[in-house]
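**Q** Here is a sequence with its predicted model. Questions after.
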Amino acid sequence: MYYSSGNYEAFARPRKPEGVDSKSAYIVGSGLAALTAACYLVRDGQMKGERVHILEKEALPGGACDGFKVENVGYVMRGGREMDNHFEVMWDLFHSIPSIETEGISVLDEYYWLNKEDPNYSLCRATINCGEDAHTDGKFDISDKGAMEIMELFFTPNEALQDKRITDVFSEEVLKSNFWLYWRTMFAFENWHSALEMKLYIQRFIHHIGGLPDFKALRFTKYNQYESMILPMVKYLESFGVQFHYGVKVVNVQFDCSTKRKVATRIDVIQDGKEDGIDLTENDLVFITNGGCVENSTIGDQNTPAVYNKEIKAGGGWDMWRKIAAQDVAFGNPDKFCYDPEQTNWLSATVETLDQRIIPYIKNICKRDPFTGKVVTGGIVTAKDSSWLLSWTINRQPQFREQPKDHCLVWVYGLFSDKPGDYVKKPMRDCTGKEICMEWLYHIGVPENEIEELASTSANTVPCMMPYITAFFMPRAIGDRPAVVPEGAVNFAFLGQFAETPRDTIFTTEYSMRTGMEAVYTLLNVDRGVPEVWGSVYDVRSLLDSTVKLRDGKKATDMHLGMKEKLAVKKLLGRISGTEIEKILKEYHVI
């Protein structure tokens, strides 16, 4: 496997890999990474679909990219996906996946047209005092010292950030700024999470720093991610004859690691309550989704809290990874990520409005009508003074094809599930759907004497507790995540958020899909380049632009400098006068 950029290989079709007709594939899980691997097996690997087997313990595919309606409970969206125009692997694949809504076009076509016609941006990023605009006004509001801390992290080698927390590299100068409010609520970072991942995020999305306050950098699907992304991929795979096996729980993969060559020899499964296994040869390729950010997630309902289920049981994704990791040091260290769910959990809820009584309060904040079919909030709105650090978003409506046209679906989440609420004086994790809705209604400005009645009769709310949802953000060191294809691996690869691939960042659709593509291209030796991660971190224009925007447009010459530094800057500016360097610095308002 190798990386490429540009158009030379972007549209090329690879030759059929040698020996592929004698190979089979077994894919553990059916999340986005797993489905991507399957798509590349049949598209570029040219493996016969009937020889590709997807083993899924649940009754539906999609993993964390879900969206469904539970009978007599309500709509459930555990999370949402924010996409970037430079998700290179994602768009490489989706230009080949047919739309299931419009004949003759691809998923990429419909996505591109939609976001061109209806570009995303937010009109209110944060509120305070029960629905008043917090007037963050697109400003990062960060001091020179805080900006220097961010720049210092940017240039710190990865090796120096092993097992470091964000609080090890940022002071209150950053953590009390609007920058951190935007960042932590958009990406679900906590102060104790990985400084290394924070650095990788800054580098990965440096070209979008200016779009952070108003979300103009983001793009969204038309419907929930299950209907817009997962279903088209499933239909595509089914058209090739790919075999989906539901209700099959993989509990372990056995390996022979007695030599430098590492070979997967057997998949242990439980099906219909019975233990079974699949014996493997070197021609049987195994793709393993290890760990799981939505493992142990539970839903409640309007009158019942979602259970906080922390116990890791046999047969789950974490237990499977532990059994795999015990066989070889190259297979990672799962307990680095799942040892303390108090540091990795948060809770979300899906609110379905049942009439028009809540809608005026929504309009007052987002300044848009939710029922136009266009962008509504344009991303999350954060209640800045919420003790749960509550955020909410309304994507284009309807979010489900079968959703009643006069109902609106709101996704709500809180980063601090253990803190008592400001209106409902209970920890979020102990609240029913109705109580979570009441807290949200309080923060969007509904009069207190109407809150309980509206939450009871004008909305139906389904809470979802996810103990390990940000496990991948826990501080880590080299080797804690296995490489997508570990050194010496003959017939297996790891997929998803807990596999290691260079430069890209976790908790994105692109990361999952990239691991799927890299796994297939490596094991089949596909003769075509994997598109490299977008190189804005190496683009001086992006670096200059982001540096100025991070400081709310202030020029470098406006920094608080001592006399010696001012003289040095003056001398430097004299040296570059009349050069291309001066020209570009002026173009990007650095000087």
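**A** Thanks, I have the structure now.
**Q** how many neighbours does the closest residue to Glu132 other than its chain neighbours have?
**A** Nearest non-adjacent residue to Glu132, counting by C-beta to C-beta, 6 or more residues apart in numbering: Gly445, 7.6 Å away. The way it works is simple: take the backbone N, C-alpha and C, and place the C-beta from them, glycine included. The burial count assigned to Gly445 is 16, neighbours taken as other C-beta atoms under 10 Å.
**Q** and the gap between Gly445 and Asp369?
**A** Separation of Gly445 from Asp369 (C-beta to C-beta, to the nearest Å) stands at 17 Å.
**Q** And Phe220, by the same measure?
**A** Counting by C-beta to C-beta, the gap from Phe220 to Asp369 is 17 Å.
**Q** more crowded one of these two?
**A** Using other C-beta under 10 Å, the more surrounded residue of Phe220 and Asp369 is Phe220, with 23 against 13.
**Q** tell me the secondary structure for the closest residue to that one other than its chain neighbours?
**A** Nearest non-adjacent residue to Phe220, counting by C-beta to C-beta, 6+ apart: Asn395, 5.6 Å away. Put simply, Asn395 is coil when judged by DSSP: H, G, I helix; E, B strand; the rest coil.
**Q** for Gln497, same thing?
**A** Quick answer, by three-state DSSP: Gln497 is coil.
**Q** what's around the residue nearest to Tyr361 when sequence neighbours are not counted, how many residues?
**A** Closest residue in space to Tyr361, ignoring its immediate chain neighbours: Ile444 at 4.8 Å, by C-beta to C-beta, 6+ apart. Ile444: 20 surrounding residues under other C-beta under 10 Å.
**Q** Next up, the contacts around Ile444.
**A** 127, 130-131, 361-362, 364-365, 383, 392 (C-beta atoms under 8 Å, 6 or more residues apart in numbering).
**Q** Could I get the full set of strands for the stretch 151-300 of the chain?
**A** Here the stretch 151-300 of the chain has its strands, by DSSP state E, counting those that start in this stretch, at 243-246, 248-256, 263-271, 274-279, 284-289, 298-299.
**Q** Compare the ones you listed and report which one is nearest to Trp180.
**A** For Trp180, the closest of the strands of the stretch 151-300 of the chain is strand 298-299, at 30.0 Å, according to C-beta to C-beta.
**Q** Which neighbours in the sheet does the closest one have, and how are they oriented?
**A** Here strand 298-299 is paired, per DSSP bridges, with strand 459-466 (antiparallel).
**Q** ok, the residue lying closest to Ile230 once chain neighbours are set aside to Phe371 distance?
**A** Counting by C-beta to C-beta, 6+ apart, Ile230 lies nearest to Gly62, which is 4.1 Å off, once chain neighbours are set aside. Distance, Gly62 to Phe371, by C-beta to C-beta: 27 Å.
**Q** sorry, back to before: the residue nearest to Glu132 belongs to a helix, doesn't it?
**A** No - counting by three-state DSSP, Gly445 falls outside a helix, being coil.
**Q** sorry, back to before: turn the strands of the stretch 151-300 of the chain into a markdown table, columns for distance to Gly488.
**A** Below are the strands of the stretch 151-300 of the chain laid out as a markdown table (distance: least, C-beta to C-beta, whole Å):
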| stretch | distance to Gly488 |
| --- | --- |
| strand 243-246 | 29 |
| strand 248-256 | 10 |
| strand 263-271 | 9 |
| strand 274-279 | 21 |
| strand 284-289 | 15 |
| strand 298-299 | 39 |
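**Q** from these, which stretch is densest packed?
**A** Most buried of the strands of the stretch 151-300 of the chain by mean neighbour count (mean count of other C-beta atoms under 10 Å) is strand 284-289; its value is a mean of 27.
**Q** what packs against that one?
**A** For strand 284-289, the helices and strands in contact under the criterion 3 or more C-beta pairs under 8 Å, 6 or more residues apart in numbering; DSSP states H and E are strand 24-28, helix 32-43, strand 263-271, strand 492-495, helix 509-523.
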